[in-house]
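A.B. asks: everything below, folded, please.
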Amino acid sequence: MTMRIRKVAVLGAGVMGSGIAAHLANSGVRALLLDIVPPKAAPGEDTASKAFRNKFAQGALANMRKQKPSPIVSEQVFTAIEVGNFEDDLGRLAECDWVIEVVKEDMAVKQALFAKVEQHARKGTIISSNTSGLSIKGMLEGRGAEFRKNFLVTHFFNPVRYMKLLELVAGPETDPEVVKSIHRFGEEVLGKGIVYGKDTTNFIANRVGTYGMMRTISEMQKAELSIEEVDKIFGPAMGRPKSAVFRTADIVGLDTFSHVAKNCYDTLTQDEEREVFAIPDFLQKMVAKGMLGDKSGGGFYKKDKSAGGKDILALDLKTLEYRPQVKVRYESLGAAKDVENVRERVATVLNGQDKAAKFAERITLDVLAYASRRIPEIADDVVNIDRGMRWGFAWDLGPFETWDAYGVKKGLERMKELGLKPAAWVEEMLAKGRTSFYGVEGGKDTYWDIPSKSVKVVPENARTSRVEYLKRGNKKITGNESASLWDMGDGVTLLEFHSKMNSIDDSIIAMMNTALDETEKNFRGLVVGNDGANFSAGANIMALLMAAKSDEFEAIRKMASGFQAANQRMRYSPVPVVTAPFNLTLGGGAESAMGGNAIQASAELYMGLVEVGVGLIPGGGGTMQLLRNVYGAYSADKDFDAFPFIKKVFLAIGTAKVATSAEEARELGFLNANDGISANRDFLLSDAKQRVIGMANAGFRAPRPTRFRLPGASGYATIDMMLYDMQLNGQVSAHDRKIAQKLARVLTGGDTSPQVLVTEERLLELELEAFLSLCGEEKTQDRLMFMLEKGKPLRN
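C.D. replies: Residues are numbered from 1 along each chain as shown. Modelled structure (predicted):
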């Protein structure tokens, strides 16, 4: 029986502890954040007051408001966090179902705290430590049987909200039910990816990740490569984040990074590669000088103050002086640039013949061999190691997935040539006739299980759903080059966008209509979603610019009105339509997401109508949709003044506001109060499908169109007065004002008065008229061109 976790105590309000408390609150779980009473008071401070005694935990809340990227999904989450201190509030642990210790990495400090926790926690409370380096055996010294049974390590990664990984390590006496409860809660409520480690130093991700970084640092000097060259090699070209190696170290902090490496060196006396973890001289000197990375204003990189902070300088490791960065150009990296498939891209680099490719190959194969030798020491299988690196270090491919991309047999032979020693089990696997670590059988992902020397299915939650699985099952109904329609089973279809960046084009609009034709005839409901990196980055502005430059305004009108009509058709279809947006959902992407009857959003949703950035207003119905969402329930009511609603929508569109979470998208009006949020992106499509089934089973009926009581000319004049002032004060340009005037005319209803109810159709006509007239403006065309060339808005 898995436990229900309603309230969690977090002991320690540092960066990690406050991040965990914030993410619990993000997930709708109440958190009690405690820390020590400050050891000394400032002059005049009342040491008996709560303000003083809770100062550290209270200060952590203030920091959350300032941190970038933000650890909170909305200002509202603070209502779910309470603060206190270890002296006055440990009695409150009895209110909690789970207690997480996040104090400093000092065995004596942890042991003393656990002795107190044992006195106050109620029977059956789960207790865990967020340690990354201390042994469970040591932490449990002196604790009773009940405490041991409910104890485990829960190692979160920083920043907690954004890093998917949660490493679980059970002690020798941990009750399996406790592990099961935390696994389920972590995955389904907190949206984490769960990985099982062993009670070894730094567990999985930090052990392999630190080894990889330290090995790179030691080899780069022999290869005579600069830090920016290494970061270019081990960045997106190799399926790694942009921060690669040295930028990652700057973000983490060089003191923290050194501490993790030193911990490996001090405790891993049996590791055959122990010397790799020895801190190099230059790193010791940097830490001693306080060059700690972002937190100290400079580490391996530093902003050039003389250039107004615009240029980033790089460190010369020989002199420890900063210098301008050198442009990095290698044929192998250039060849990989345009390869979208990550496996092919990584293979392109590793198979290259230049210096960058040879360095990438040497380091990568070394790390792969090392990872193979760590099984079963740090984990029982390749799946846990790969997931650890993907979710904890944001690699696109884990070590064994990378090895598969390169070729297992080829990798083995090359390792031998380079004098590297892979684990014997890899040879055994090949001898058994299995040529890759992963495969697909019966539509399911499989992996090579080392102890049983056989193929097993990769374990995953039953709620996990991907378009990839529908492809494997031949579930395609129809499709074109930009979109496909799939049969999800249980009477539900799935419309998938797959154009570049999932940008909206004619083919997607055509497939929206085909999807509705097919679903209305033969199915119960439709989901709109995909497996991409982003739901949809908006309309195809390249095609729009080309058409505008060629005066093809009829083609633009046709496309925009066709997109408006398709979005309206989704909303008023006789079958329920649920859209499943995630990550970037901008412009036309936001319009298609708001076009359905309900939204099931990923918690990490960056949604906005950003058209003003390219000199336009929304053209696919976005102005009317957002007004409908915000004003809808009161839109025809005589007792409500329309202006505050119009103002909210005008500012959201006019300032190109992008929500930074699904919760914030709800506050801005992009989501409705009853739209759903999935904490775990892996469950998004399956949750959306369940919502469609639920709506169909509950007797779905399409909503009635909204009618709006809008102010017309008087409302427009009020907004234009404000814009006039802004232009006079140099806050907006003449063209900014023109765009805002067009937007204001649409939102105030054009030539109307509050006595008349404006229909959705009329608002769409006004929007289309404004959109088309802006497409013809030279300054808008300049903005479109600038965005395509520079990737940022032009202010002209």
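A.B. asks: so where do the helices sit in the stretch 301-450 of the chain?
C.D. replies: Secondary structure of the stretch 301-450 of the chain (DSSP state H, counting those that start in this stretch): helices at 331-337, 342-350, 355-373, 382-393, 399-406, 408-417, 424-431.
A.B. asks: JSON lines for these, including distance to residue 89 and mean pLDDT?
C.D. replies: In short, each C-beta sits where N, CA and C put it, glycine included. Below are these laid out as JSON lines (distance: least, C-beta to C-beta, whole Å; pLDDT from 0 to 100):
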{"stretch": "helix 331-337", "distance to residue 89": "54", "mean pLDDT": "96"}
{"stretch": "helix 342-350", "distance to residue 89": "48", "mean pLDDT": "97"}
{"stretch": "helix 355-373", "distance to residue 89": "43", "mean pLDDT": "98"}
{"stretch": "helix 382-393", "distance to residue 89": "32", "mean pLDDT": "98"}
{"stretch": "helix 399-406", "distance to residue 89": "44", "mean pLDDT": "98"}
{"stretch": "helix 408-417", "distance to residue 89": "54", "mean pLDDT": "97"}
{"stretch": "helix 424-431", "distance to residue 89": "50", "mean pLDDT": "98"}
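A.B. asks: closest one to residue 757 among the ones you listed?
C.D. replies: Closest to residue 757 of the helices of the stretch 301-450 of the chain, according to C-beta to C-beta: helix 382-393, at 51.5 Å.
A.B. asks: out of the helices of the stretch 301-450 of the chain, which comes closest to residue 113?
C.D. replies: Nearest to residue 113 among the helices of the stretch 301-450 of the chain is helix 382-393; the distance by C-beta to C-beta comes to 25.7 Å.
A.B. asks: got the angle between that closest one and helix 355-373?
C.D. replies: Computed by axes from the mean of the first three to the mean of the last three C-alpha atoms, to 10 degrees, the angle separating helix 382-393 from helix 355-373 equals 130 degrees.
A.B. asks: the helices of the stretch 301-450 of the chain: which one's closest to residue 222?
C.D. replies: That would be helix 355-373 among those, by C-beta to C-beta, at 9.7 Å.
A.B. asks: may I see the buried residues of the closest one?
C.D. replies: 355-357, 359-373 (16 or more other C-beta atoms under 10 Å).
A.B. asks: low-confidence ranges in the stretch 551-700 of the chain?
C.D. replies: Applying pLDDT under 70 to the stretch 551-700 of the chain flags no residue at all.
A.B. asks: let me see the ranges of the strands in it.
C.D. replies: 577-579, 583-586, 598-602, 605-608, 676-678 (DSSP state E, counting those that start in this stretch).
A.B. asks: likewise the stretch 201-350 of the chain?
C.D. replies: Per DSSP E, counting those that start in this stretch, the stretch 201-350 of the chain carries strands over the ranges 301-303, 312-316, 321-324.
A.B. asks: quick one: low-confidence parts of this structure?
C.D. replies: Checking the chain against pLDDT under 70 turns up 1-2, 307.
A.B. asks: what's the domain layout of it?
C.D. replies: 7-196, 205-452, 468-780 (automatic domain parsing).
A.B. asks: just send the ones you listed back as a markdown table, with distance to residue 791 too.
C.D. replies: Listed next are the domains of the chain as a markdown table, based on distance: least, C-beta to C-beta, whole Å:
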| stretch | distance to residue 791 |
| --- | --- |
| domain 7-196 | 19 |
| domain 205-452 | 14 |
| domain 468-780 | 11 |
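A.B. asks: nearest to residue 788, of those domains?
C.D. replies: Of all the domains of the chain, domain 468-780 sits nearest to residue 788, with 6.0 Å by C-beta to C-beta.
A.B. asks: if we can go back for a sec, the domains of the chain: which one's closest to residue 795?
C.D. replies: It's domain 468-780; of the domains of the chain, that one is closest to residue 795 (C-beta to C-beta) at 6.3 Å.
A.B. asks: need the distance between the two termini of the closest one.
C.D. replies: From its first residue to its last, domain 468-780 covers 39 Å (C-alpha to C-alpha, to the nearest Å).
A.B. asks: that one: how far from the chain's middle?
C.D. replies: A distance of 22 Å separates the centroid of the chain from that of domain 468-780, by C-alpha atoms, centre = their mean, to the nearest Å.
A.B. asks: stretch 17-29 now?
C.D. replies: Using C-alpha atoms, centre = their mean, the offset of stretch 17-29 from its chain centre is 16 Å.
A.B. asks: and that stretch, what's buried?
C.D. replies: Those would be 17, 18, 19, 20, 21, 22, 23, 24, 25, 26, 27, 29, for stretch 17-29 by 16+ other C-beta under 10 Å.
A.B. asks: again, but for stretch 154-168
C.D. replies: In stretch 154-168, counting by 16+ other C-beta under 10 Å, buried: 154-161, 163-168.
A.B. asks: and if you look at stretch 521-530?
C.D. replies: Going by neighbour count (16+ other C-beta under 10 Å), the buried part of stretch 521-530 is 523, 524, 525, 526, 527, 528, 529, 530.
A.B. asks: greatest separation within the residues you listed: which pair is it?
C.D. replies: Distances among the buried residues of stretch 521-530 were taken as C-beta to C-beta; the most separated pair is 524 and 530, at 20.7 Å.
A.B. asks: among the strands of the stretch 551-700 of the chain, which is nearest residue 654?
C.D. replies: Residue 654 lies closest to strand 605-608 among those, at 11.6 Å (C-beta to C-beta).
A.B. asks: residue 256 is nearest to which of the strands of the stretch 201-350 of the chain?
C.D. replies: strand 301-303 (16.6 Å).
A.B. asks: give me the distance between the residue of the chain most remote from its centre and residue 710.
C.D. replies: Computed with C-alpha atoms, centre = their mean, the residue of the chain farthest from its C-alpha average is residue 755, at 46.7 Å. Distance, residue 755 to residue 710, by C-beta to C-beta, to the nearest Å: 11 Å.
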